[in-house]
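Undergrad: Sequence and predicted structure are below.
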Protein chains: 4
Amino acid sequence: MSEVEILEYRPEPGEYAWTFGGVAPVRRVRPGTVLEVWTEDCFAGRVRSERDLVSEVCEFPFLNPQTGPFYVEGAEPGDTVAVHFVSIEPARDWAASTTVPLFGALTATHTTALLHEPLPEVVWMWRLDRANRTCRFEARNGSWAVDLPMDPMHGTLGVAPANLEVRSALVPDAFGGNMDTPELRAGVTCYLGVNVPGALLSLGDGHARQGEGETCGVAVECAMDTVIAVDLVKGAPCPWPRIESDTHLMTTGSARPLEDAFRIAQADMVGWLNQDFGLDVLDAYQLVSQAVEAPIANVVDTNYTSVAKLAKRWLPERDVFEATHRRLRSVADEYRSRQR
Amino acid sequence: MSEVEILEYRPEPGEYAWTFGGVAPVRRVRPGTVLEVWTEDCFAGRVRSERDLVSEVCEFPFLNPQTGPFYVEGAEPGDTVAVHFVSIEPARDWAASTTVPLFGALTATHTTALLHEPLPEVVWMWRLDRANRTCRFEARNGSWAVDLPMDPMHGTLGVAPANLEVRSALVPDAFGGNMDTPELRAGVTCYLGVNVPGALLSLGDGHARQGEGETCGVAVECAMDTVIAVDLVKGAPCPWPRIESDTHLMTTGSARPLEDAFRIAQADMVGWLNQDFGLDVLDAYQLVSQAVEAPIANVVDTNYTSVAKLAKRWLPERDVFEATHRRLRSVADEYRSRQR
Amino acid sequence: MSEVEILEYRPEPGEYAWTFGGVAPVRRVRPGTVLEVWTEDCFAGRVRSERDLVSEVCEFPFLNPQTGPFYVEGAEPGDTVAVHFVSIEPARDWAASTTVPLFGALTATHTTALLHEPLPEVVWMWRLDRANRTCRFEARNGSWAVDLPMDPMHGTLGVAPANLEVRSALVPDAFGGNMDTPELRAGVTCYLGVNVPGALLSLGDGHARQGEGETCGVAVECAMDTVIAVDLVKGAPCPWPRIESDTHLMTTGSARPLEDAFRIAQADMVGWLNQDFGLDVLDAYQLVSQAVEAPIANVVDTNYTSVAKLAKRWLPERDVFEATHRRLRSVADEYRSRQR
Amino acid sequence: MSEVEILEYRPEPGEYAWTFGGVAPVRRVRPGTVLEVWTEDCFAGRVRSERDLVSEVCEFPFLNPQTGPFYVEGAEPGDTVAVHFVSIEPARDWAASTTVPLFGALTATHTTALLHEPLPEVVWMWRLDRANRTCRFEARNGSWAVDLPMDPMHGTLGVAPANLEVRSALVPDAFGGNMDTPELRAGVTCYLGVNVPGALLSLGDGHARQGEGETCGVAVECAMDTVIAVDLVKGAPCPWPRIESDTHLMTTGSARPLEDAFRIAQADMVGWLNQDFGLDVLDAYQLVSQAVEAPIANVVDTNYTSVAKLAKRWLPERDVFEATHRRLRSVADEYRSRQR
């Protein structure tokens, strides 16, 4: 169809953003545009074999390169940008994971500061079978190998922060960022509250798959060919990132300790049911208490991220964010029909 | 089959246990026994209408009555008792939930001590349709009603604690107790490390269903007719409760802050893969990081509970706890065949 | 003076209590009694040289022996017992400290469960110069030695818990217990809410001195000759342990994470100013915010303990707990005059 | 003396910095310079009476105005800037404090997200008696008034952050910032690791006094006339802010939960004793455990701040940071002798 505007953007090595905020936009996009982008892996592509230790080949703070930022035309503080993931496809037939000294959930870190020596630094190269949709894990010390289902997602998606801040691309917070939730897969729409004119949207940190919590701090990291459809909901604030799939509504919270991340996500879900579905606050509290799923996203980043997930079929039939998810679903269908 | 020993136990009102430890056993059971028990709801059956406020009808510390404890013959410290849930069936056609002053994830509490007044105390009576396997939520303030799937489970299952302690039945910890995880449903086997001779196993706190996190602190609480098969694994310690289903291995951790509960469960899963499946510790760390699900159990009790859940099909084929789950599965089949 | 009743109690090796609650009283004491007791160190006296590693010479759960419990005549739930420390004197000329595997603030622990190996187990023997009131630290690995001021205190003081519980003597909570605050020194009065008839008071865990936080988990541990005066305030509840000195009021909170311990102590101080000093809640909040000291007690035990400390001279002149501190001060004076 | 270079800087209303990083320097200073500055209060001077509610008169994110940043000549990443507080004097005879909706330790907040309504917003105007060095608290609801000792300090002092970040002036972290510790008073030297060329030092948030923890989130806030002496230690990193007084060494940590802030500060103190005083790591751990004070700074900001404080007299006699504190003490003396 003629209505779908398509923009392709593949950054050159020097064109990544390393922060949310503080970076000039690489492109301007009109609401409704489909963006075909390429994202590099979180190591900036420098971990390519088992010998490539992060502490040796990577250079702080040049981790987690973001593709963008994109200036969304018309976006103003108080609006919400919607990002629908049309497709997320690994761009290579390998991915890498690793322990990183003083980073991860089961190790001393820079903030959980202890007197232990760091754990050993080990790299795992994962083989991706894009035809069969699998990722192969091979033990480094032993012979066990297993194919896990591929479940591509983006660990990082965000806009420029509020409060004049510029945050490292490693940070998840109210502006989105490095949330590392497996729920950010193809087919969902993510809503992000706008803090600065143009929103300044960027994304990166593709994972071929990830466990809930991202326990060692690093997923199955790979470059991605990703297609998103971007839209704008004027006059609708979104205090923390929300996600909508065909079947579920999701809210997120990013904070420490982890119970605060949980509280943010759950309270935002209660508030959402109250404001958009007409449920009394305490009725919403009760329904959420019995109906919600609470998949952990990450327990390793500067803030931990918790997701609250509720089936739409258990809620009054209402549109949220002006039915943007359904609309972007149509845009995605049109886009796909044109690609054939 | 003749091998299955069946013991029925239905406590009289004065026969509940309110603690783990510190209570004389109500029955002795031989390993392999099938127990048919009845458990009262967490309110001791006193919340029967919307007018029954916990603060008025319940009497601390007589909350969360436990059926038991059962003395498992031959159980000694260093062993593990296995409890297979054959069936968990609501014993009434209604269940109750409520807010409780200064209890829950989205309120000031006795430990998250703030200057706010408590939230209002409201009761929701849920109708259970046991034929259609649904629980009906009805808004108290408004007209919304919805049927959620029934998913019966026990919030509380445990043994006497270590260290000479006696703990309230409201507490989850290494001895099990009030973990409040929806994973404790029919078909799974829960492993609990033994701390005292006879283990002193008890259970209660049936939920017709529960959201992950049990956000308001109270699930869809109901009395249960429950059948468990009990077994003993000699000489096999189990530091924190573990759960096995036909398809998954699960570990649990209960602590505060929530990230420590997460760490306990994840570290125990890494250790389990290392000890019983022959994976190197760091290889196990990597596999868990990419493969684990991390459903939150509760973020409201004296300790918060986190679960780590791993698909067996992704692991080397090995028996754990001497194939007790498979054996108790058979016992359950025999029991069911006899019931017909 | 004739009014002071004095009771001496020195436990035999088999007479220690290892828990709060669950133990029969060793003596009955009338309110107003002065108790002369001896307390063993937290290692049950088994660490006597640098070669005595806790993991080898101590036997769980037989750690932190308590002297008591004492049945306080007339004490009922809802009352408060007051314990005034008349004197706390090291009973030996040495004390011991040590690292303990998987215990302490700067190490992986059983709940902050990580993949590190435990830190090395090292014992430090401290020499106590009771005449000069110093404790001598000597480096194990190197030649540095320094005399620190002796500042004797009890790490543990408590009553039987509420809710039918029995808790390890290693636990601090609302019933007192192993709070490990240096504020519990001679001259102060500690108030503890009564949960069971007779209160069942016990104490132990003498420290020749301790840093705030007890960072490695173990203080300068020594046996003590201690004199306390015990009193009872009828009909006055005390939700968390409070401490009164000649110059300060103190509240305590024990919980995890540490901010909850802080909140409990600060909220209890605000409530105390509101109830006993007539300040409006928000005025009390403001005054506390600008005037309180917040010395950390411990960040290592099963619950962390935070203290809020406010100078009496900044408050309206009022008696708290029926002027019990002043009264026990007089009892102490009488006792001392009799000793000469 | 002629050696002391003095620079006076009093910002115009439009010249404040609202962030650490991301702001062009207002002046360049040579190491050794004495800076006479004026800092506005955290409300940007807009709370001037009991009717001035923060939610009405203040405009996010224009809170906590900083004076600076100052470009310290020669400062490079890997160096440390030293800031000696020569004097901190309230610039007005009044100060303000207030509750702020959803901010503070004893209230629901944006991250400890609960379903309570915010606490009431109340302003307290404090009268400062600069001659008698007192601050007068007057109850808003009742007649209690009391003079507390004036103890002027700066809540905020920092440099530009690492990792390309720009942080709100409300944030405390490794770069310093809004630590809110009463230890930052006249007579101490604060060490801050340099992250960007010139360091970009700024300061603000004067408090006439503050309780430990800053419980309600707001201290006795006032504009300040402050004199600092700035120096540079080449080639000496400082991972977290450290403070030196004539008598004590102090380390700080800022993180959530509060135990992580504690761990950072304590581990940095252990490391400092190891590196600069020649103590073995475990010997340092032991000495710190028995000798440290741990005054809480704040439990309200985006990160909580904990301080570890150790008496110099208990350590081997060594200079730290090339005796910068002693040198700046001399500079301060020279400055004062010139002022007379």
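TA: The structure has been received and is ready for your questions.
Undergrad: for the stretch 201-340 of chain A, what spans make up the strands?
TA: Using DSSP state E, counting those that start in this stretch, the strands found in the stretch 201-340 of chain A span residues A:201-207, A:224-233, A:242-244, A:248-255, A:296-298, A:304-311.
Undergrad: and those as JSON lines, adding distance to residue B:308?
TA: Glycine gets a C-beta too; all of them are placed from N, C-alpha and C. Output for these, formatted as JSON lines (distance: least, C-beta to C-beta, whole Å):
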{"stretch": "strand A:201-207", "distance to residue B:308": "19"}
{"stretch": "strand A:224-233", "distance to residue B:308": "27"}
{"stretch": "strand A:242-244", "distance to residue B:308": "23"}
{"stretch": "strand A:248-255", "distance to residue B:308": "21"}
{"stretch": "strand A:296-298", "distance to residue B:308": "10"}
{"stretch": "strand A:304-311", "distance to residue B:308": "16"}
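Undergrad: Would you format these as TSV with mean pLDDT and mean neighbour count included?
TA: Putting the strands of the stretch 201-340 of chain A into TSV (pLDDT from 0 to 100; neighbours: other C-beta atoms under 10 Å in any protein chain shown) gives the following:
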stretch	mean pLDDT	mean neighbour count
strand A:201-207	98	29
strand A:224-233	98	23
strand A:242-244	98	24
strand A:248-255	98	26
strand A:296-298	98	30
strand A:304-311	98	26
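Undergrad: Hmm, residue A:253 is touching residue A:259, no?
TA: No: using C-beta atoms under 8 Å, residue A:253 is not in contact with residue A:259, being 9.9 Å away.
Undergrad: Chain A: helices as residue ranges?
TA: A:54-57, A:258-277, A:281-291, A:324-339 (DSSP state H).
Undergrad: in the longest one, what counts as buried?
TA: So that's helix A:258-277. A:258-274, A:276-277 (16 or more other C-beta atoms under 10 Å in any protein chain shown).
Undergrad: do the last one as well
TA: With burial defined by 16+ other C-beta under 10 Å, the residues of helix A:324-339 counted as buried are A:324-325, A:327-329, A:331-332, A:334-335.
Undergrad: Export those as CSV, with columns for pLDDT and distance to residue C:308.
TA: CSV is the format used below for those (pLDDT from 0 to 100; distance: C-beta to C-beta, whole Å):
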residue, pLDDT, distance to residue C:308
A:324, 98, 49
A:325, 98, 49
A:327, 97, 55
A:328, 98, 53
A:329, 97, 55
A:331, 96, 57
A:332, 97, 57
A:334, 95, 63
A:335, 96, 60
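Undergrad: ok, so of those, who is nearest chain B?
TA: residue A:325 (20.9 Å; C-beta to the nearest C-beta).
Undergrad: Return the residues in contact with that closest one.
TA: The contact partners of residue A:325, by C-beta atoms under 8 Å, 6 or more residues apart in numbering or on different chains, come to A:82, A:84, A:189, A:244-246.
Undergrad: The residues you listed also near chain D: which ones?
TA: Among those, no residue is within reach of chain D (C-beta under 8 Å from any C-beta of the partner chain).
Undergrad: So how do I select the buried members of the residues you listed in PyMOL?
TA: Buried residues within the contacts of residue A:325, by 16+ other C-beta under 10 Å, are selected in PyMOL with:
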select buried, chain A and resi 82+84+189+244+245
